[in-house]
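> Provide a 3D model corresponding to the input given below.
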Amino acid sequence: SPVVGYVVSRPLERVHEVSKDNERMLRSIAYKTARYFLDLSRRENNWLIQDHYQESPKISQVDRLTTSPTNLGMLFTSLFSSYELGYLPLDQFLQRSRRAFTSLLKLERYRGHLFNWYDIEKLEPLSPAYLSSVDSANFVTALITFRQGLRGISLRPIISDHSIRGIEDGLYSIKAEAYVLKKSIKSRAEKNLVKELCALAEKAYEKVRHAKQPKLFSDFYTIFGLIHADIVHIEKAVASLRADHAIVGADQLFFFVEHLAKLVEEELGFERYLLPHLHSRDHSIDTHVSRDEHLSKVYKQLIDLLETVPSLYDVGYKMMDQVKVFDFRKIAVESSLIPQTKEYVITWYDELLKDINRSQARAREFLTDLEAIERDATRFIDEPDFGFLYNKERGLFHIGYNATYERVDSACYNFLASESNLVSFIAILKNQVPQKHWFYLGRKLVRSGGQVALVSWGGSLFEYLTSLIYFKAHKESLLGSTARAAISIHRKHGFK
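Numbers count the residues shown, from 1 in each chain. Below you'll find the predicted structure:
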């Protein structure tokens, strides 16, 4: 029967719930990882991400900053993840994405592919100009993921609880750094100063952690205002430690505080820019309109609409019409208010419409940016030709192509359990190689400690897990069971 068919077709996997402690750990790692990409993709790098960072000894000015397609793909997925997790306001996400694509369009390519290494300050490929099949596939796959995320942004609330949770992650990192600093200090006077700092960080973190999920726009603004005040106090305390006591480790803590303060300021700045009418609200109007029952009722409905957190599309194409539906100006003109008060209320409403008109124009600019970013992503997804890297006789992909010497590598990727399976996946997806190629990839099995897994080139988790960042492997599938076995085997080896 259909019921039996439905029951036996349901997936066997149970939803795995991450514990609160593990979620906190993962979000803390995510926050610090995001900072790497946000801090190092800057103007002097042409808004692209370098492939490495060295703290000690510092990289000299003569050393080249380089990157690869894999790193560039990670930049875009990191930008979207940062926006999604609340580490990057929408306007900053769009600005950074546009700048990165502007730089990418200046890079020399071959048959739509990026070369494997570039000097990101000069935007030139390193010699010899080499094209890596895997790196190119990593980049395309990352952009497909990035583009998929873009398509939902215009209809999402412009600000949500994710923004609060992102600030919570930042405060947790500050708190953790403060406690590490406290343990490293021996002087009692300095220890007391850091103890006060820990108390400030703990108080701010707990305040945000237990904050009720905001529903109205004013709720968000109030929370951001309170958080900003707390961060200013923390910033002053850390600055004092740096200046007056020169405590080792205070610089790192100040770095975290400074960046979190900037994030809160950027969130507030974005809201003020996009929705100026909510920050210039005249609360005396509440008293004035209360003298006319019908006007007061319509006014309340109007304010309720404006307090609802809109999507970018709503602001750009719906809000003005939604406001005008109330016919507030006509009702105000016909109200029982005295002429002077009536004129004041009408003037307020006319200014409100001007502000909403500005909001509408700004939202449409952001929506245009979104469309442009999606077009750029699509261009870099569609243009690469993987067909010329495919060996038709062997049914496998060559490792790469040296464009300087116009020579394709003789070696081919031939294992399914490899980061190179992304090349196969993307090329089949783009209909540039036959589907049968997937079945030419080696499926040799190896047993280790009672577990069975596919053989890879080097047995590293990089090989087994890289492609699974981007697509789901079911637990019972060959790739899924191999990934879990590989993790288990590596863990057991690590405990030896």
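
> what values do phi and psi take at residue 453?
With angles defined as degrees, to the nearest 10, residue 453 sits at phi -150, psi 160.

> hey, what's it bridged with?
Counting by DSSP bridges, residue 453 forms beta bridges with residue 446.

> identify the residue nearest residue 88 in space, chain neighbours excluded?
residue 82 (4.0 Å; Cβ to Cβ, 6 or more residues apart in numbering). From N, CA and C alone the C-beta is placed, and that goes for glycine too.

> let me see the confidence value for that neighbour.
For residue 82, the pLDDT comes out at 97.

> how much space is there between it and residue 116?
26 Å (Cβ to Cβ, to the nearest Å).

> same thing with residue 403?
According to Cβ to Cβ, residue 403 and residue 116 sit 10 Å apart.

> are there residues contacting both of the two? Which ones?
Common neighbours of residue 403 and residue 116, counting by Cβ atoms under 8 Å, 6 or more residues apart in numbering, are 130-131.

> looking at the two, which has the bigger crowd around it?
Using other Cβ atoms under 10 Å as the criterion, residue 403 and residue 116 rank with residue 116 on top: 25 against 19.

> please, where are all the strands along the stretch 1-150 of the chain?
Assigned by DSSP state E, counting those that start in this stretch, the strands in the stretch 1-150 of the chain fall at 66-67, 109-110, 113-114, 118-119, 124-125, 130-132.

> just give me the longest helix of the chain.
helix 339-382 (DSSP state H).

> where does this structure have low pLDDT?
Along the chain, the parts satisfying pLDDT under 70 run over 1, 5, 7-15, 59-63, 244-246, 248.

> my guess is residue 353 contacts residue 319. True?
No. Residue 353 is beyond contact range of residue 319, at 10.6 Å (criterion: Cβ atoms under 8 Å).

> neighbour count: those two, which is higher?
Neighbour count, other Cβ under 10 Å: between residue 353 and residue 319, residue 319 has more, with 23 against 15.

> list the contacts for the more buried one?
310, 356, 359-360.

> is it true that the residue nearest to residue 88 touches residue 90?
No. Between residue 82 and residue 90 there is no contact, the gap being 11.1 Å when judged by Cβ under 8 Å.

> out of the two, which sits in the busier spot?
residue 82 (24 against 21).

> give me the three-state assignment for residue 401.
Put simply, residue 401 is strand when judged by DSSP: H, G, I helix; E, B strand; the rest coil.

> residue 418 and residue 135: what is the separation?
Taking Cβ to Cβ as the measure, residue 418 falls 13 Å from residue 135.

> repeat for residue 490
To residue 135, residue 490 is 24 Å away according to Cβ to Cβ.

> before we move on, what about residue 195?
Noted for residue 195: a distance of 49 Å to residue 135, by Cβ to Cβ.

> when the two are compared, which one has more neighbours?
Neighbours per residue (other Cβ under 10 Å) separate residue 195 from residue 135, with residue 135 holding more: 25 against 13.

> count of residues packed around the closest residue to that one other than its chain neighbours?
Leaving aside its chain neighbours, residue 135 sits nearest to residue 69 (4.2 Å; criterion: Cβ to Cβ, 6+ apart). Residue 69 has 28 neighbours, counted by other Cβ under 10 Å.

> now for residue 69: which residues touch it?
So residue 69 contacts 113-114, 116, 132, 135-136, 138-139 (Cβ under 8 Å, 6+ apart).

> so which of those residues comes closest to residue 368?
Relative to residue 368, the closest of the contacts of residue 69 is residue 139; by Cβ to Cβ it sits at 25.1 Å.
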